[in-house]
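Q: turn this into a structure:
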Amino acid sequence: MTGTQILHAIEIAEFVRQRSDGAVPIVWGGVHPTILPEQTIASELVDIVVIGEGEETFLELVSCLENKGTLSHIPGIAYRLHGQRTIVTEPRSLADIDSLLPVPWHLVDVEKYIHPEMFLGHSPRTLDIGQTSRGCPFNCQFCSSASIRQRKWRPMSVERSLEAILEPIKRFNLTGIRIRDDEFYIDRNRVNAICEGIMNSGLHIRWYTSGTRIDVFNKASDEEVSLLRKSGACGLKFGAESGSERILKLMHKGITPEDTKQVNIRCRSHGIIPVFAFMVGWPSETWGEIRQTLDLVKTLRHDNPRAFFDALSPATAFPGTPLWEEALTLGLCPPKTLDGWGTWVFGHYDQDGRRLPWLSAEDRRRLYNLCQMYFKAYTFVHTLDNIRGRYLRAMVKTLYAPLAASYRWRLERSIRGMI
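A: Okay, the predicted model is just below:
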């Protein structure tokens, strides 16, 4: 992915290059190399780029390298011919994910990836099981999913989905799972059948998914939401994004702040923890509109004390997103080389204005400080739920509560001074 993962991948590639004297081919894949294959392949730490979904492409690539075949025959890759000219082969069509093999859990030490989960009410043995569907048909301006997967949503069948969910639960004695679909709750009939399958299995499990749209959830009947909860749905993540209706329209989000409030109340009444994500600093967004977002957060917290709030992120244009083209016209200065993308994320202060050129230096500083205070006021306290040991967890949360309250006060005072 664009950001910190680039730095880690460079570190690993350097390690391999130094210890193999260049004899081991280094293959990169994922979202970032898929969107910028030619810039990625220009790095001396990259020999081949897998473009798009890699299951079939990588298998063919390994076979080709083993048998000293011709790379040009493999769809969906980029490479340098004789170390010079970049070749990008014809695109590979999207995979039929129902035909893919199950996750080969035996290839890793799974215990290292089992952990407590803050979004599931202290589930001590939680595992991220991956996806039961791929893609998203919507067109949010900040997201690259549509450009990579052609705005197509491709689900596994109910049977394959249940296999992907139930097999690791039984195998590793899990108390909770994460489902990482872009859009898990888009076909409610499919999800209803999956929920019934979980209940009929006799397994008592808690689960969380990051793929829940506010407008789709609000269309569900109370019976459907009740079925979600009975099957173990304890946490659902929603992209609320903004408290300003104008900004939501610019994002092409398809929701309003009132929709977000409705989701919050519905989750409270059904015993589900809503996890809300927000962003600030959209092009043309005013400090008054940022205040609307913080006011919405306060309302959600008041109406539902169990609501969780993910980090407040500065609106960042990523390659492959509709926002990217607009940002370029506003003066965005993207990195010229692969390593420059490692700091293209929140957490690395945009001092020179390359990422947020539509903001002044003072506004960038204020926005960064605002996001930091928000994290300490609303987000960090949730991470304490990952502490093992009920009494230690309760003690630490009690000690942190006054500090969180002070940051909420400072956040309120800060935004007042900016309007």
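Q: so where do the helices sit in the stretch 101-250 of the chain?
A: When secondary structure is read from DSSP state H, counting those that start in this stretch, the stretch 101-250 of the chain shows helices at 145-149, 158-172, 188-200, 214-219, 222-230, 245-250.
Q: out of these, flag the one nearest residue 328.
A: Distances from residue 328 to each of the helices of the stretch 101-250 of the chain were compared using CB to CB; the minimum, 15.0 Å, belongs to helix 145-149. C-beta: built from backbone N, CA, C; applies to glycine.
Q: thinking again about what came up before, need the helices of the stretch 101-250 of the chain in CSV with mean neighbour count, can you?
A: Written out in CSV, the entries for these read as follows (neighbours: other CB atoms under 10 Å):
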stretch, mean neighbour count
helix 145-149, 19
helix 158-172, 17
helix 188-200, 18
helix 214-219, 17
helix 222-230, 16
helix 245-250, 17
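Q: run a quick neighbour tally on the nearest residue to residue 303 once chain neighbours are set aside.
A: Counting by CB to CB, 6 or more residues apart in numbering, residue 264 is the residue found nearest to residue 303 once chain neighbours are left out, at 5.6 Å. Look at residue 264: counted by other CB atoms under 10 Å, it has 24 neighbours.
Q: try residue 347
A: By the other CB under 10 Å criterion, the neighbourhood of residue 347 contains 13 residues.
Q: that's a strand at it, yeah?
A: No: inclusion of residue 347 in a strand is not indicated when DSSP: H, G, I helix; E, B strand; the rest coil is applied; the result is coil.
Q: got a pLDDT number for it?
A: Looking at residue 347, its pLDDT reads 78.
Q: could I get the contacting residues of the nearest residue to it once chain neighbours are set aside?
A: In space, residue 347 comes closest to residue 4 once its chain neighbours are excluded; the distance is 7.7 Å by CB to CB, 6+ apart. Applying CB atoms under 8 Å, 6 or more residues apart in numbering to residue 4 gives the contacts 342, 345, 347.
Q: element containing the spatially closest residue to the first one that is not a sequence neighbour?
A: In space, residue 342 comes closest to residue 7 once its chain neighbours are excluded; the distance is 3.7 Å by CB to CB, 6+ apart. The secondary structure element spanning residue 7 is helix 4-20 (assigned by DSSP states H and E).
Q: with only the CA atoms kept, save that helix in PDB.
A: Provided in PDB are the C-alpha atoms of helix 4-20 (Å, rounded to 0.1, in the frame of the first residue of the first chain):
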ATOM      1  CA  THR A   4       4.600   3.000   5.500                       C
ATOM      2  CA  GLN A   5       4.400  -0.400   3.800                       C
ATOM      3  CA  ILE A   6       6.700   1.000   1.100                       C
ATOM      4  CA  LEU A   7       9.400   1.700   3.600                       C
ATOM      5  CA  HIS A   8       9.200  -1.800   5.100                       C
ATOM      6  CA  ALA A   9       9.200  -3.400   1.600                       C
ATOM      7  CA  ILE A  10      12.300  -1.400   0.600                       C
ATOM      8  CA  GLU A  11      14.100  -2.600   3.800                       C
ATOM      9  CA  ILE A  12      13.300  -6.200   3.000                       C
ATOM     10  CA  ALA A  13      14.300  -5.800  -0.700                       C
ATOM     11  CA  GLU A  14      17.600  -4.200   0.300                       C
ATOM     12  CA  PHE A  15      18.300  -7.200   2.600                       C
ATOM     13  CA  VAL A  16      17.600  -9.700  -0.200                       C
ATOM     14  CA  ARG A  17      19.600  -7.800  -2.700                       C
ATOM     15  CA  GLN A  18      22.700  -7.500  -0.500                       C
ATOM     16  CA  ARG A  19      22.700 -11.100   0.500                       C
ATOM     17  CA  SER A  20      22.000 -12.600  -2.900                       C
END
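Q: C-terminal to that helix, what's the next element?
A: From helix 4-20 onward toward the C-terminus, using DSSP H and E, the following helix or strand is strand 27-28.
Q: show residues contacting that following strand.
A: By CB under 8 Å, 6+ apart, the list of residues contacting strand 27-28 from outside reads 9, 13, 40, 46-50, 58, 61.
Q: just give me the closest of these to residue 118.
A: Of all the contacts of strand 27-28, residue 9 has the smallest distance to residue 118: 27.3 Å, by CB to CB.
Q: quick revisit: touching, the residue nearest to residue 342 and residue 345? I think so.
A: No: using CB atoms under 8 Å as the test, residue 7 is too far from residue 345 to be in contact (10.1 Å).
Q: now for the residue nearest to residue 156 when sequence neighbours are not counted: which residues touch it?
A: Of all residues beyond its chain neighbours, the one nearest residue 156 is residue 132 (4.9 Å), with distances taken as CB to CB, 6+ apart. Applying CB under 8 Å, 6+ apart, we find residue 132 in contact with 155-156, 160-161, 164-165, 179, 181, 184, 194.
Q: adding distance to residue 76 and pLDDT, write the residues you listed out as JSON lines.
A: Rendered in JSON lines, the data for these read as follows (distance: CB to CB, whole Å; pLDDT from 0 to 100):
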{"residue": "155", "distance to residue 76": "22", "pLDDT": "95"}
{"residue": "156", "distance to residue 76": "21", "pLDDT": "96"}
{"residue": "160", "distance to residue 76": "23", "pLDDT": "96"}
{"residue": "161", "distance to residue 76": "26", "pLDDT": "97"}
{"residue": "164", "distance to residue 76": "24", "pLDDT": "96"}
{"residue": "165", "distance to residue 76": "29", "pLDDT": "97"}
{"residue": "179", "distance to residue 76": "26", "pLDDT": "96"}
{"residue": "181", "distance to residue 76": "23", "pLDDT": "94"}
{"residue": "184", "distance to residue 76": "26", "pLDDT": "95"}
{"residue": "194", "distance to residue 76": "30", "pLDDT": "98"}
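Q: out of these, give me the two with the largest separation.
A: By the measure CB to CB, the contacts of residue 132 have their two most distant members at 160 and 184, which lie 14.2 Å apart.
Q: would you map the strands across this protein?
A: Ranges of strands within the chain are 27-28, 48-50, 77-81, 85-88, 115-117, 123-128, 133-134, 154-155, 176-179, 206-212, 233-241, 273-280, 308-314, based on DSSP state E.
Q: generate CSV for those strands, with mean neighbour count as supplementary columns.
A: CSV is the format used below for the strands of the chain (neighbours: other CB under 10 Å):
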stretch, mean neighbour count
strand 27-28, 22
strand 48-50, 25
strand 77-81, 20
strand 85-88, 12
strand 115-117, 19
strand 123-128, 20
strand 133-134, 21
strand 154-155, 18
strand 176-179, 24
strand 206-212, 23
strand 233-241, 24
strand 273-280, 22
strand 308-314, 20
